[in-house]
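>>> could you work out the structure for the sequence below:
(one chain, ligands or ions: 1)
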Amino acid sequence: VFRDIVGADYVTDNPPADHPFLTDERHLFRGRAAAIVFPKSAKELGECVRVCNDAGIAMVPQGGNTGYCGGATPDQSGRQILFSLQRLNRVIAVDRPGATITLEAGVILSSAQDIASQHNLLLPLSMGSEGSCQIGGNLSTNAGGLAVLRYGTAKEMVAGLEVVLPDGRIWSDLKGLRKDNTGYDLKQLFLGAEGTLGIITAAVLRLHPLPNTTITAWLSVADIDNAVSMLSELRENLGDCLTSFEYISRESLNLVCEHIDGARDPLQTAEGNVVLVELAAYDNGELLRERLENELERTMRNGTINDCAIAQNDTHRRSFWRLRESIPEAEKRAGGAIKHDVSVEIASLGSFIRETRQALREEFPDCRISLFGHVGDGNVHLNVLAGSDVTAAVFKRDCAEAISSRVHKLACDRHGSFSAEHGIGQLKRDLLADTADPISMELMRKIKQTLDPKGLMNPGKVV
Ligand SMILES: Cc1cc2nc3c(=O)[nH]c(=O)nc-3n(C[C@H](O)[C@H](O)[C@H](O)COP(=O)(O)OP(=O)(O)OC[C@H]3O[C@@H](n4cnc5c(N)ncnc54)[C@H](O)[C@@H]3O)c2cc1C
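This is a model prediction of the structure:
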């Protein structure tokens with residue numbers, strides 16, 4: 001039946017167990033599927049979904065398959081249908097006066113950024129996976145990334161949405177209006193729902209003016225408290241020109257220098273941690289650079305930072321960002337890490353990190369802690385790697401549960417989140433059920449039941 005709808009070339013029956021779509025980015029989950037289907041339009045996808053709904057067959061939507069929680073991996077039954085969105089890849093329109101882009105869900109994030117910039121506009125969603133993740137996946141995970149501080153998460157960029165509902169109907173709200181208070185804002189339901197309430201097929205995203213200058217600086221700081229002080233100083237004195245504020249611990253930087261060809265610390269310091277800062281100027285870039293330089297001189301004198309380097313050109317800037325963005329790959333090459341994506345109030349980041357480090361050091365004295373991330377959003381990735389006394393595989397097998405429950409408990413004790421930006425998927429589904437407020441869980445289950453009464457849309461994920 002699917003062949004009749006999408007064409008024989010766009011259905012892969014009984015894909016082999018080692019098919020790349022059947023395992024997740026981190027290789028934590030491996031699934032099977034009765035078929036992988038590649039629809040070309042919302043209409044084709046809607047017809048396929050209707051077939052599944054009528055026959056009681058479960059479905060899994062997949063974008064770029066870069067998610068960290070196994071949300072796009074089918075279960076082991078071999079009965080589910082995997083819908084790949086990769087052929088829904090048209091940019092439908094760019095509206096310059098309205099500053100929006102309307103595009104299909106399978107457009108790769110970096111392509112969407114490029115198209116926006118060709119129209120002198122900025123799509124500020126940006127992350128290490130942008131060369132392969134898709135807009136539909138970004139919206140379904142409410143992705144964060146590198147410029148949340150200034151522009152918000154993916155959710156905040158959405159002005160309109162089109163979704164294939166679990167019964168195959170197409171719900172379309174692609175008007176993209178800035179102001180529209182006609183009842184409940186239904187699109188919010190699908191943003192961050194990880195494909196459990198429907199399949200996003202298109203969206204209208206808000207764009208921003210393209211900055212005329214971007215200034216990037218690499219700062220050496222003694223510890224996380226200095227980083228947080230620097231954040232306050234820059235925000236107070238430079239306002240919302242600050243677009244990124246990323247922390248890189250010495251351990252993360254060492255991993256990158258050990259495992260990534262050509263990587264080296266721009267400041268060549270043997271110790272200390274790093275903050276990568278980026279500012280965007282919409283008018284006078286030279287003035288902003290001067291203000292930043294004054295700020296850096298002042299904070300160096302008062303001891304908030306120890307040293308700094310400002311990128312002199314785009315190649316230089318890219319080399320700073322490459323160090324930051326290579327951390328996940330460096331961790332992978334080091335054997336893989338037990339990863340955490342936690343957020344707490346920025347003011348308590350310092351005490352949270354100190355307490356967590358101490359707790360882990362006491363119990364696992366040999367482990368390596370790679371700590372980095374979006375400190376400007378109160379969100380850090382606290383990843384734990386094996387020490388030299390044990391192989392990475394054995395360490396992850398034996399210690400992952402104890403380490404993760406320790407880290408998550410310490411974050412939750414501070415009213416923080418155990419999933420700041422990566423979502424729930426199948427990895428953290430039980431954790432959500434165990435820790436969420438019962439009323440929140442009840443409301444989420446009722447929404448799921450209302451939209452997907454047969455429970456066929458990405459079952460086993462989130463709720
Ligand atoms: C190197 C690297 C760096 C990363 N950095 C960041 C970061 O800074 N910030 C961040 O937030 N994340 C980051 N991620 C995680 C990941 O890239 C994001 O979660 C991304 O948004 C996932 O998009 P995707 O297209 O790959 O989705 P997938 O992995 O394919 O799917 C993710 C979830 O969304 C669902 N889904 C996918 N497409 C649709 C659709 N069209 N409709 C409905 N549901 C759908 C899937 O079923 C699944 O539940 C990073 C990952 C890597 C590998």
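
>>> in space, what's closest to residue 223 - neighbours in sequence excluded?
Take residue 223 and drop its neighbours on the chain: the residue closest to it by C-beta to C-beta, 6 or more residues apart in numbering is residue 273, 6.5 Å away. The C-beta positions use only the backbone N, C-alpha and C, and glycine is treated the same way.

>>> now residue 252: how far from residue 372?
According to C-beta to C-beta, to the nearest Å, residue 252 and residue 372 sit 4 Å apart.

>>> quick revisit: quick one: residues contacting the residue nearest to residue 223.
Contact analysis of residue 273 by C-beta atoms under 8 Å, 6 or more residues apart in numbering lists 220-224, 227, 247-250, 253.

>>> which among these gets closest to residue 388?
Comparing the contacts of residue 273 against residue 388 with C-beta to C-beta picks out residue 250 as the nearest, at 17.5 Å.

>>> gap between the closest one and the ligand?
Here residue 250 is placed at a distance of 21 Å from the ligand (C-beta to the nearest ligand atom, to the nearest Å).

>>> what number of residues lie near that residue?
A total of 17 residues lie near residue 250 under the criterion other C-beta atoms under 10 Å.

>>> max-length helix in the chain?
The helix that spans the most residues within the chain, counting by DSSP state H, is helix 392-413.

>>> isn't residue 330 right up against residue 256?
Yes: taking C-beta atoms under 8 Å as the definition, residue 330 is a contact partner of residue 256 at 4.5 Å.

>>> need the pLDDT of the spatially most central residue of the chain.
For the chain, the residue sitting closest to the mean C-alpha position, by C-alpha atoms, centre = their mean, is residue 143 at 3.9 Å. Note for residue 143: predicted pLDDT of 98.

>>> that one should be in a helix, yeah?
No: residue assignment for residue 143, taken from DSSP: H, G, I helix; E, B strand; the rest coil, gives coil, which places it outside any helix.

>>> and it, how far is that from residue 66?
Between residue 143 and residue 66 the distance is 10 Å, computed by C-beta to C-beta.

>>> what do the two both touch?
Overlap between the neighbourhoods of residue 143 and residue 66 consists of 133, 137, taking contacts as C-beta under 8 Å, 6+ apart.

>>> now the common contact residues for residue 252 and residue 372.
Both residue 252 and residue 372 are contacted by residue 327, under the criterion C-beta under 8 Å, 6+ apart.

>>> can you list the residues of the stretch 351-463 of the chain near the ligand?
421-422, 425, 458, 461 (C-beta under 6 Å from any ligand atom).

>>> reformat those as CSV; add secondary structure and neighbour count.
Conversion of those to CSV gives the following (DSSP: H, G, I helix; E, B strand; the rest coil; neighbours: other C-beta atoms under 10 Å):
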residue, secondary structure, neighbour count
421, coil, 23
422, coil, 22
425, coil, 26
458, coil, 29
461, coil, 24
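
>>> packing partners of the longest helix of the chain?
Taking 3 or more C-beta pairs under 8 Å, 6 or more residues apart in numbering; DSSP states H and E as contact, the helices and strands that helix 392-413 lies on are strand 341-343, helix 349-363, strand 379-385, helix 429-435.

>>> I'd like to check the angle between it and helix 349-363, please.
Computed with axes from the mean of the first three to the mean of the last three C-alpha atoms, to 10 degrees, the direction of helix 392-413 lies at 140 degrees from that of helix 349-363.

>>> neighbouring contacts of helix 392-413?
Here helix 392-413 makes contact (C-beta under 8 Å, 6+ apart) with 334-336, 338, 340, 342-344, 352, 355-356, 359-360, 363-364, 367, 382, 384-387, 390, 417-418, 431, 435.

>>> then stretch 222-235?
Where contact means C-beta under 8 Å, 6+ apart, the residues beyond stretch 222-235 that reach it are 219, 221, 242, 245, 247, 272-273, 275, 277, 295, 299, 303-306, 346-347, 349-350, 353-354, 375-376.

>>> next: stretch 148-159.
100, 123-125, 138-139, 141-145, 176-178, 187-188, 191-192, 203-206, 208, 240, 242-245, 280, 374, 376-377, 379, 421.

>>> that older thread, among the residues of the stretch 351-463 of the chain next to the ligand, which two are most distant?
Greatest spatial distance in those: 421 and 458, 18.9 Å, computed using C-beta to C-beta.

>>> just give the number of residues close to residue 118.
For residue 118, the number of neighbouring residues by other C-beta under 10 Å comes to 9.

>>> could you report the separation of it from residue 112?
The separation that residue 118 has from residue 112, given C-beta to C-beta, amounts to 11 Å.

>>> how about residue 448?
29 Å.

>>> which one's more surrounded, these two?
Neighbours were counted for residue 448 and for residue 112 using other C-beta under 10 Å; residue 112 has more, 23 against 19.

>>> that one contacts residue 105, doesn't it?
No: Residue 112 is beyond contact range of residue 105, at 10.8 Å (criterion: C-beta under 8 Å).
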